[in-house]
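[1] sequence and predicted structure below; questions after.
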Amino acid sequence: MTAAFDELDFEYATSVAEKAVRGMDAQRVPPTPNNFHVWFNYALGAPPALKRAIDILIGNKRKFDVHTNRELFESYVGSKASDEAVAFSVSQQLHDVMASAQRFLTEAIAENRDHLAAISDVAEQTEAGVDPKILVESLMRELANAATRATQLEASFNEKSRELDTIRESLLQSEARAKTDTLTGLANRRALEEFFREAQIAAMEQDDPVSILLIDIDHFKRFNDTYGHGVGDQVLKLMATVLRERVRDFDLPARYGGEELIAVCPRANLAMTAEIAERIRRAVAECHMRRRSTGEALPGITVSIGVAQFRGGETMADLIDRCDRALYRAKDQGRNRVVTEAELESEAAE
């Protein structure tokens, strides 16, 4: 388990574990270590996004099959364990490099001290009237030794510099993996939250709009049940490609969870974001898919999209909640459509 688990009081941890087991049993989730890790966090209520995701799945009476359980672990728990493993590995590598560098410097200081002592000795012999030829040979020999030591030291430091470059590249790759959804290649929830915080601050400082669009694939569960999760994954990858190609370069397309995709659009008001959403909706409706393994033509896919604009000071959860209501209004109106929060407000006023 993680350090967070270890810090829990024994009695409290036991009660949380029992609650997790009851929840798994109620949803017929196999009691594997990864599944227990997910449900322990759910019972603990952290992270809140995991609790919300599971609550939505339960509310929609979704089956917790192998695919769903794996996705929950990878999206909310597994990446953290991976980050800890990478951090430990990098820490060990850095420790080794620093120890080597310290050893090289200690040796260099000692050898430099010997070199200075030898030069001083030659100088003393000069004053004592020793044969100049012998002195020159001694000085040349000492300078050659110093040059050799300097070359060896430089080679050693160059090697450690290359090791540091490797560690730096490993960290960059690890950071990229930690912020990427493994199935779709889109940004994951962690990257989404970081990007939104930056967009939120910029919007409040510069008085610029920032909006989001939330996409849900229509009848995705039925499609999955009919054609299998392999084809379902193919659909999600296609939706991710469409989303990535239709948003602007400085927008962030991300996977929000399950079959829901999201995009944060800085410097875009509600109307502009609704136009982007409509381009996405049309592009998806025009897609023609075939099963990779057989070439069989698959039914068309449509999406429902909700759009909302950030209001100064609100949290991302509040913004997504309004966007979510617009999304479900799109579904209530027959799916395959875009609905903005302004339309909801207009309906409420009427």
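    Looks like it arrived, so ask away. Residues are numbered from 1 along each chain as shown.
[2] got the contact list for the residue nearest the centre of the chain?
    Taking C-alpha atoms, centre = their mean, the centroid of the chain lies closest to Lys179, which sits 1.3 Å from it. By C-beta atoms under 8 Å, 6 or more residues apart in numbering, the contact set of Lys179 is 187-188, 190-191, 194. For the C-beta atoms, the positions are set from N, CA and C on the backbone; glycine is no exception.
[3] and for Gln234?
    289, 291-292.
[4] please identify the helix or strand for it.
    Assigned by DSSP states H and E, Gln234 belongs to helix 229-246.
[5] hmm, back to that, export the contacts of Lys179 to TSV and append columns for secondary structure.
    Converted to TSV, those look like this (DSSP: H, G, I helix; E, B strand; the rest coil):
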residue	secondary structure
Ala187	strand
Asn188	coil
Arg190	helix
Ala191	helix
Glu194	helix
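[6] of these, which pair is most distant in space?
    Spatial extent of those (C-beta to C-beta) is set by the pair Asn188 and Glu194 at 10.3 Å.
[7] export the next helix or strand after the helix holding Gln234 as PDB, just CAs?
    Per DSSP H and E, the first helix or strand lying C-terminal to helix 229-246 is strand 252-257. Extracted C-alpha coordinates of strand 252-257, given in PDB (Å, rounded to 0.1, in the frame of the first residue of the first chain):
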ATOM      1  CA  LEU A 252      -6.200  21.200 -24.100                       C
ATOM      2  CA  PRO A 253      -8.100  18.100 -25.200                       C
ATOM      3  CA  ALA A 254      -8.300  15.400 -22.400                       C
ATOM      4  CA  ARG A 255     -10.000  12.300 -21.300                       C
ATOM      5  CA  TYR A 256     -12.200  13.000 -18.400                       C
ATOM      6  CA  GLY A 257     -13.200   9.400 -17.600                       C
END
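[8] for strand 252-257, buried residues please.
    252-257 (16 or more other C-beta atoms under 10 Å).
[9] with stretch 33-48 instead?
    34-44, 47.
[10] helix or strand right after the helix or strand of the chain with the lowest mean pLDDT?
    Between all helices and strands in the chain, the lowest mean by mean pLDDT, DSSP states H and E belongs to helix 3-6, at a mean of 44. Once helix 3-6 ends, the next helix or strand along the chain (criterion: DSSP H and E) is helix 10-26.
[11] and that next one, how far out from the chain middle?
    29 Å (C-alpha atoms, centre = their mean, to the nearest Å).
[12] residues near the nearest residue to Thr302 once chain neighbours are set aside, how many?
    Ranked by C-beta to C-beta, 6 or more residues apart in numbering and with sequence neighbours excluded, the top spatial neighbour of Thr302 is Asn336, at 3.7 Å. Neighbours of Asn336 under the rule other C-beta atoms under 10 Å: 18.
[13] how much space between the spatially closest residue to Glu347 that is not a sequence neighbour and Leu214?
    Nearest residue to Glu347, sequence neighbours excluded (C-beta to C-beta, 6+ apart): Arg329, at 7.9 Å. Using C-beta to C-beta, to the nearest Å, Arg329 is found at 12 Å from Leu214.
[14] between those two, what contacts are shared?
    What both Arg329 and Leu214 touch, as defined by C-beta under 8 Å, 6+ apart, is the set Gly306.
[15] buried stuff in the helix holding Gln234?
    229, 231-232, 234-236, 238-244, 246.
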